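1. A predicted structure for the sequence below; I have some questions about it.
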Amino acid sequence: MKFKAVAALAGLVPALTLIGPATAQTSNSPVAPNAQGDVSVTIYNNNLALVQDVRQLNIPNGVARQEFPDVSAQIQPQTVSFNASGTSIVEQNFDYDLLSPNAMMDKAVGETVTLIRTNPATGAETRERAKILAVNGGVVMQIGERIEILRDDGLPVRVIFDRIPQNLRAKPTLSVTLDSQRAGTRPATLAYLTGGMGWAADYVSLYDEASGTIDVQGWVTLTNNTGTTFRNANTLLVAGNPRGQGGMRNYGGDYVSEDAEVEEAGTETPTRATLGDYYLYPLKERTTIAHAQTKQVSFLDVQKVPARKAYQYNVGWLASTEQAQSAKSVIKFSSSRNGGLGDALPAGTVRFYMRDRKGDPQFIGESRIGHTPMGSALALATGDAFDVKVKSTVEKRERLSANKWRTTMRYTLTNARAQNVTVDLVQSGLEWGWSDTRIVSESLKSTRVNANATEWNVPVPANGEASVTAVFETRY
């Protein structure tokens, strides 16, 4: 509670009683459980949603105010649009001062309430009229000729209010003052942007090492923290991060962990609908998105996609390790139409499972991916390999001239597994600043991945080791 003296009222939420006629605005009158009409919700990845609500309104002729309860508590009022035939907007207000014990006390300053105290021994009740003088760290009131503080002493006390204070609402309410050319019932469309709602993709992947395949299920995970339930909503999900003040770019968006890698970006176009540069994922059926709810809906289900396990290790420039380090265990597969998942993949977390000897699926690791085009080649790390290690050593570094260096690197790879493995060994840092590095000799042919890195595919025998030596020349 905001003020300590009303902590005695914490259990008093049902004890704040209203008596007498309500004199507040009409909006305080009882309303239907949900006043929304035909609702459509477009949800983006970045904690942003567009709500479109078509309600049947009885609009009088001339200037009158219409109220819209059951809007989002995180509505962005500056984004509200209203459309009804034969009407124009004069003014709009968003009232978010919600009815609560704290708010009732705050608004009651200067007003008179009734205190009911109960004798714990006899159960007898006594009533006194009290004028609320202040609510600042406690409730100060005047009872007759004395000034009293509402104490937090655990004794039973109830506060009865004569009326609901002005401008307090049971739920967030948008009010629009309209100028209508005619009276009558007609459809009215209310649209606005709101924070507090977003979605991300989650992928459950079952890897079969024996067959070299992977089964993948994709789930859309919706979250609603708007303070409002949207019932029977036509829901459309947009994979992308439109720029705007309402967006939080780190919500399931383009964040990618260092363990996730798109080896080759795809160039295939999926059949699903687009909106500008974004892909659309409509839910097949209308759904209720309840406040404080996480909802999951399936959008991808494919089996027997070719996949393989690999090991990767990245060496920084001039990096020598005193102890051998674990290579990353990686699962590689494609999102292509032929031989892959066959869809663009919205950003999310990919969780991998494998069956144990009993046939039960066991969790082996996870990686996050960003928005990934169809046709991409992915290499997602599941964790650090227990038995496959790499040790890098700068064996020699000499200066050839004022702007030229020669560096000899040696990489030792060990494998304690009972099977042969291949390690994708990457040396990075070959180009930085004004420098330019090239390989002048190597014991195993490498492939230049990009200007900054080269890669060796190193076979390492079972219960054995392998080594690679490379000589680099760097010009500044």
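-> Okay, I see it.

2. is Tyr353 in a bridge, and if so with what?
-> Using DSSP bridges, the bridge partners assigned to Tyr353 are Leu206, Phe363.

3. Surely it is in contact with Ile364?
-> Yes. Using C-beta atoms under 8 Å, Tyr353 makes contact with Ile364 at a distance of 6.4 Å. For the C-beta atoms, the positions are set from N, CA and C on the backbone; glycine is no exception.

4. so what's in contact with those two at the same time?
-> Common neighbours of Tyr353 and Ile364 (criterion: C-beta atoms under 8 Å, 6 or more residues apart in numbering): Tyr207.

5. Comparing these two, which residue is more hemmed in?
-> Tyr353 (19 against 15; other C-beta atoms under 10 Å).

6. OK, contacts around Ile369?
-> Ile369 neighbours (C-beta under 8 Å, 6+ apart): Val256, Ala260, Val262, Leu345, Ala347, Gly348, Thr349, Val350, Leu378, Leu380.

7. For it, give its distance to Gly276.
-> Between Ile369 and Gly276 the distance is 21 Å, computed by C-beta to C-beta, to the nearest Å.

8. Ala381 now?
-> From Ala381 to Gly276 the distance is 32 Å (C-beta to C-beta).

9. Comparing these two, which shows the higher neighbour count?
-> Using other C-beta under 10 Å, the more surrounded residue of Ala381 and Gly276 is Ala381, with 23 against 7.

10. circling back: from the contacts of Ile369, which has minimum pLDDT?
-> Ranked by pLDDT, those bottom out at Val256 (38).

11. Return the closest of the contacts of Ile369 with respect to Ala49.
-> Ala49 lies nearest to Ala347 out of the contacts of Ile369, by C-beta to C-beta, at 16.8 Å.

12. show me what contacts the residue lying farthest from the centre of the chain?
-> Within the chain, the residue lying farthest from the chain centre (C-alpha atoms, centre = their mean) is Glu145, at 56.5 Å. In this structure, Glu145 makes contact with no residue, judged by C-beta under 8 Å, 6+ apart.

13. Report pLDDT for it.
-> The model's pLDDT for Glu145 equals 86.

14. Kindly provide the distance from it to Ile116.
-> For Glu145, the distance to Ile116 - C-beta to C-beta - is 21 Å.

15. what do you get for Leu178?
-> Taken as C-beta to C-beta, the span from Leu178 to Ile116 is 44 Å.

16. do the same with Lys131
-> 16 Å.

17. Equivalent analysis for Glu366, please.
-> Using C-beta to C-beta, which is the criterion applied here, Glu366 is 57 Å from Ile116.

18. what do you get for Ala239?
-> Applying C-beta to C-beta to Ala239 and Ile116 gives a distance of 57 Å.

19. try Ile369
-> 61 Å.

20. same check, this time on Val423
-> 78 Å.

21. The two: which has the busier surroundings?
-> Legend: neighbour count by other C-beta under 10 Å for Val423 and Ile116, higher for Val423 (26 against 15).

22. Show me what the helix or strand encompassing Asn93 is packed against.
-> Using DSSP states H and E, the element containing Asn93 is strand 87-95. With contacts taken as 3 or more C-beta pairs under 8 Å, 6 or more residues apart in numbering; DSSP states H and E, strand 87-95 sits against strand 173-180.

23. Give the next helix or strand downstream of the strand it packs on.
-> Next element after strand 173-180 (DSSP H and E): strand 184-195.

24. Can you classify Met104 by secondary structure?
-> helix (DSSP: H, G, I helix; E, B strand; the rest coil).

25. Where does pLDDT dip in the protein?
-> 1-33, 95-100, 151-155, 166-172, 243-261 (pLDDT under 70).

26. In it, where's the longest strand?
-> strand 377-401 (DSSP state E).

27. If we go by neighbour counts, what in that strand is buried?
-> Buried residues in strand 377-401, counted by 16 or more other C-beta atoms under 10 Å: 377-382, 385, 387-393.

28. For Phe82, state which of the residues you listed is nearest.
-> Leu378 (45.5 Å).

29. give me every residue that touches that closest one.
-> By C-beta under 8 Å, 6+ apart, Leu378 lies in contact with Ala260, Glu261, Val262, Glu263, Lys332, Phe333, Ser334, Ser335, Ile369, Thr372.
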